[in-house]
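A.B. asks: Need a 3D model of the sequence below.
(chains A and B)
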Amino acid sequence: MKCQSAVVYERKIGEQLFSFGNLGFVVDRAMAMYDAETGSSWNQATGIAMTGTHAGTQLVVVPASTTSLGAWLASYPNSGVIAPSSELTWRQKVRIWDPAVADSLLLVVQIGPLSRAYPLSRFPESGLLHDTLGDEPIALLFGRRPKVLAAYSRRVGAEVIELDARPVTEDIELLERGGRRRWSAVSGRSRPLRSARPLRKLACLPIDRAGLELNYRGIDLFGGPLPPAPGDGERATATTPAAPVPPAAPLPPDPAPPPPSAPQGGESDDDRSR
Amino acid sequence: MPITGGVASFVLSSLLWPQAPGARPDSPLDGYGPPAPNDRVVATRARPPRTLDASEVLSPKAALMNGIGTDETVLGVKVGDAVRAYPIARVAVEEVLNDTVDNVAIAITW
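C.D. replies: Have a look, this model is predicted:
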């Protein structure tokens, strides 16, 4: 079984552009991929080259939202959608929202050299979790109805805000506590559009516990060590001191404030997901 | 026999793509730390790089007509002014897809 890790990477490092293929097996519960340009092999869950010319190099994560198509289209009605494949003969079940396995899944957030793992079992009923990673105030959302998995900075301009979550049609609205501003949890855009700066989306990825223990040894765990999993035995745990977590992409620059005469709606807004 | 399967996968792929320059390392895990219990377990088919074509990017209406439901789990990406949804079930066919969105080259992985 694979580790439920869905990640988008930039496939360019410096001037080197990569085309990735699938090596056909797993390493540490993650798909092993390779680049056709140098033959280096890469770990899908960490984006780190395992062998070859680029061994030790890490790909930059592109912040993305894991959500339902309906919720995505509610935020971006003109979004492109990738077509089904004629080769689609089976479906890897996405188990992120499966109550039977949610207790074994975590969300890893990376900001520059800092990483922290958040067990989904430790999210409050609202699905919204506040934390500070380094000096960055962050909000993580594990929304069940509708499905939304995303992480944002809680820094809006020079302000640090706190948020509450409220489900709305095909989205979860993030409300400024003690204020009037509102944002979409799917897109990070203000509601109504352009009434405030967008929230800055952060790189995060879901991963199951076993995948975390193999790929992110020594990572800081929100809420302290996890209790032993059934059948843990001698297996190393996520709290075992081991290799340091590799560096991640630096935080992207603060999105520019909305231009006063910008058009409304569609895909021409000014927030940057990268 | 997972390890045997892994070796068979290598042999098969070398037959499938014998001319790909530097495409697949012969021993991609040599030197990669201590082995984990499931290293080299064959989980799926080996695949050469797959780059999405512009014709594979559908409008929402066309996507729904092609059987993609609104409850389908997607990875939603916004790069510059471009917005795309990648159904995870679709990504899972190759497990890694190469795409270029608003002139930014990205890899969508599962």
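A.B. asks: CA atoms for contacts and neighbours, from now on please.
C.D. replies: OK.
A.B. asks: So residue B:85: helix, strand or coil?
C.D. replies: Counting by DSSP: H, G, I helix; E, B strand; the rest coil, the backbone at residue B:85 sits in strand.
A.B. asks: Please tell me how far it sits from chain A.
C.D. replies: According to C-alpha to the nearest C-alpha, to the nearest Å, residue B:85 and chain A sit 5 Å apart.
A.B. asks: what's the neighbour count on that residue?
C.D. replies: As a burial measure, residue B:85 scores 28 neighbours (other C-alpha atoms under 10 Å in any protein chain shown).
A.B. asks: Helices along chain A, start to end?
C.D. replies: A:69-75, A:209-215 (DSSP state H).
A.B. asks: And the last one, what's buried?
C.D. replies: Across helix A:209-215, burial judged by 16 or more other C-alpha atoms under 10 Å in any protein chain shown covers A:209-215.
A.B. asks: Report all helices and strands that it contacts.
C.D. replies: Applying 3 or more C-alpha pairs under 8 Å, 6 or more residues apart in numbering or on different chains; DSSP states H and E, one finds that helix A:209-215 contacts strand A:105-111.
A.B. asks: Flag every residue of the stretch 51-200 of chain A that's near chain B.
C.D. replies: Taking C-alpha under 8 Å from any C-alpha of the partner chain as the measure of proximity, the stretch 51-200 of chain A contacts chain B at A:51-52, A:62-73, A:76-85, A:87-88, A:90-94.
A.B. asks: Which member of the buried residues of helix A:209-215 is positioned nearest chain B?
C.D. replies: residue A:214 (7.7 Å; C-alpha to the nearest C-alpha).
A.B. asks: of the residues of the stretch 51-200 of chain A next to chain B, buried ones?
C.D. replies: Using 16+ other C-alpha under 10 Å, the buried ones in those are A:51-52, A:62-73, A:76-84, A:92, A:94.
A.B. asks: What confidence value was assigned to residue 3?
C.D. replies: Since you didn't name a chain, this refers to chain A. pLDDT recorded at residue A:3 is 66.
A.B. asks: switch to chain B, that's the one I care about
C.D. replies: For residue B:3, the pLDDT comes out at 39.
A.B. asks: Please apply the same query to the one 3 residues further on.
C.D. replies: At residue B:6, the predicted lDDT confidence score is 45.
A.B. asks: now residue A:140
C.D. replies: On pLDDT, residue A:140 comes in at 97.
A.B. asks: in the sheet, who's paired with it?
C.D. replies: residue A:129, residue A:151 (DSSP bridges).
A.B. asks: shouldn't it be in contact with residue A:152?
C.D. replies: Yes. Counting by C-alpha atoms under 8 Å, residue A:140 does reach residue A:152; the two are 6.4 Å apart.
A.B. asks: Contacts only, for residue B:58.
C.D. replies: Residue B:58 is in contact with A:80-83, counting by C-alpha atoms under 8 Å, 6 or more residues apart in numbering or on different chains.
A.B. asks: Domain map for chain B?
C.D. replies: Listed domain ranges for chain B are B:1-44, B:49-110 (source: automatic domain parsing).
A.B. asks: which of the ones you listed has the lowest average pLDDT?
C.D. replies: Lowest mean pLDDT of the domains of chain B: domain B:1-44, a mean of 46.
A.B. asks: Pass me the low-pLDDT residue ranges in the stretch 101-250 of chain A, would you?
C.D. replies: Where the stretch 101-250 of chain A drops to pLDDT under 70, the residues are A:230-250.
A.B. asks: Please, where are all the helices along chain B?
C.D. replies: For chain B, the helices defined by DSSP H cover B:2-16, B:60-65, B:88-94.
A.B. asks: Determine the set of other helices and strands touching the shortest one.
C.D. replies: It refers to helix B:60-65. Against helix B:60-65 (3+ C-alpha pairs under 8 Å, 6+ apart) you get strand A:80-82.
A.B. asks: Pairing partners for the strand it packs on, with directions?
C.D. replies: Strand A:80-82 pairs in its sheet with strand B:57-58 (antiparallel), strand B:82-87 (parallel), by DSSP bridges.
A.B. asks: Tell me which of those strands sits nearest to residue A:117.
C.D. replies: The closest of the strands paired with strand A:80-82 to residue A:117 is strand B:82-87. By C-alpha to C-alpha, the value is 24.5 Å.
A.B. asks: Give me the contact list for that closest one.
C.D. replies: With C-alpha under 8 Å, 6+ apart, strand B:82-87 has contacts from A:69, A:72, A:76, A:78-82, A:267, B:72-78, B:101-102, B:108.
A.B. asks: Extract the C-alpha trace of it and format it as PDB.
C.D. replies: This file holds the C-alpha atoms of strand B:82-87, laid out as PDB (Å, rounded to 0.1, in the frame of the first residue of the first chain):
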ATOM      1  CA  ALA B  82      -3.900  29.400 -14.700                       C
ATOM      2  CA  VAL B  83      -6.000  27.100 -12.600                       C
ATOM      3  CA  ARG B  84      -6.200  23.300 -13.000                       C
ATOM      4  CA  ALA B  85      -7.800  20.400 -11.200                       C
ATOM      5  CA  TYR B  86      -6.000  17.000 -11.400                       C
ATOM      6  CA  PRO B  87      -8.300  14.100 -10.400                       C
END
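A.B. asks: Enumerate the beta-bridge partners assigned to residue A:33.
C.D. replies: Using DSSP bridges, the bridge partners assigned to residue A:33 are residue A:22, residue A:42.
A.B. asks: tally of neighbours for it?
C.D. replies: By other C-alpha under 10 Å, 32 other residues sit near residue A:33.
A.B. asks: Now for it: which residues touch it?
C.D. replies: Listed by C-alpha under 8 Å, 6+ apart, the contact set of residue A:33 reads A:20-24, A:41-44, B:96.
A.B. asks: most neighbours, which of those residues?
C.D. replies: Highest neighbour count within the contacts of residue A:33, by other C-alpha under 10 Å: residue A:42, with 32 neighbours.
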